[in-house]
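Trainee: Sequence first, then the predicted structure, then my questions.
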Amino acid sequence: MPLKDLWTTQTNVEVVAISGTVRVEIHSRTPVLAILLEIVGLGWFVWAALRGWHEMTLVNQVIAVPVLLSGAIGVAYLITRSELIEFDQQSLTIRRNILGWEYTSRYPVDGCSELAWCVQDEESKFGLECKSGWRKVKFARNASEEQAREILALLQHELPDVAQKMGRMPGVDREHLTKLGLS
């Protein structure tokens, strides 16, 4: 196992086309070493807080409790996150499962444009983005460029009308585009 795999999040992307729907399941697996370091750091903080709890001022006690809770929630988040993306003729549906809670966002295909893969950097870990109205929607968290292109290729193959609608640039009229007929 290469050393970089101890720190890098591994992402499993499953892309399937089923009866007029392109379905993408993304499961991100945080490396065990990163989770262990998070748990050790949280454990040390708990130990230090409990050891000196009686000598702490009320303000420090009030601050320590949310820090401990957010640390525990952070560890659980690293373990339990997943994303389900569905493209169909009417909508783009993004379901994010975090800590057992599902958050669903639905965007009409007719209102979406500029669907493209994202260049990932330290600030953004999303594989795809599009615009819904004036809002930029980012999804496919931790998907690589190759995985994002695979999603776009399957979308173009299985739902070409949806891919064309979502890939268009706003304000560009299709009648002014010239097909070159290159293969």
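Mentor: Yep, it's here.

Trainee: which residues pair with the most centrally placed residue in the chain across the strands?
Mentor: Nearest residue to the geometric centre of the chain (CA atoms, centre = their mean): residue 141, 2.4 Å. With DSSP bridges as the criterion, residue 141 is bridged to residue 126.

Trainee: Tell me the secondary structure at the closest residue to residue 116 other than its chain neighbours.
Mentor: Nearest residue to residue 116, sequence neighbours excluded (CB to CB, 6 or more residues apart in numbering): residue 129, at 6.4 Å. Any C-beta I mention is one placed from the backbone N, CA and C, and that applies to glycine too. Classification of residue 129 using DSSP: H, G, I helix; E, B strand; the rest coil returns strand.

Trainee: Residue 129: what's it in contact with?
Mentor: By CB atoms under 8 Å, 6 or more residues apart in numbering, residue 129 lies in contact with 114-118, 136-139.

Trainee: Over to residue 157?
Mentor: residue 17.

Trainee: right, and the helix or strand after the helix or strand harbouring it?
Mentor: Element membership for residue 157 (DSSP states H and E) is helix 145-158. Next along the chain after helix 145-158, taking DSSP H and E as the criterion, comes helix 160-167.

Trainee: what's in contact with that next one?
Mentor: By CB under 8 Å, 6+ apart, helix 160-167 touches 87-89, 92, 109-110, 112-116, 130, 152, 155-156.

Trainee: for the record, mean pLDDT for stretch 14-31?
Mentor: Averaged over stretch 14-31, pLDDT sits at 85.

Trainee: circling back: please list only the buried members of the contacts of helix 160-167.
Mentor: Buried residues within the contacts of helix 160-167, defined by neighbour count using 16 or more other CB atoms under 10 Å: 87, 92, 109, 112-113, 115, 130, 152, 155.

Trainee: In JSON lines, list the residues you listed along with pLDDT and distance to residue 39.
Mentor: Shown next, in JSON lines, are the buried ones among the contacts of helix 160-167 (pLDDT from 0 to 100; distance: CB to CB, whole Å):
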{"residue": "87", "pLDDT": "93", "distance to residue 39": "38"}
{"residue": "92", "pLDDT": "93", "distance to residue 39": "36"}
{"residue": "109", "pLDDT": "91", "distance to residue 39": "43"}
{"residue": "112", "pLDDT": "90", "distance to residue 39": "40"}
{"residue": "113", "pLDDT": "90", "distance to residue 39": "43"}
{"residue": "115", "pLDDT": "89", "distance to residue 39": "38"}
{"residue": "130", "pLDDT": "90", "distance to residue 39": "37"}
{"residue": "152", "pLDDT": "89", "distance to residue 39": "37"}
{"residue": "155", "pLDDT": "90", "distance to residue 39": "39"}
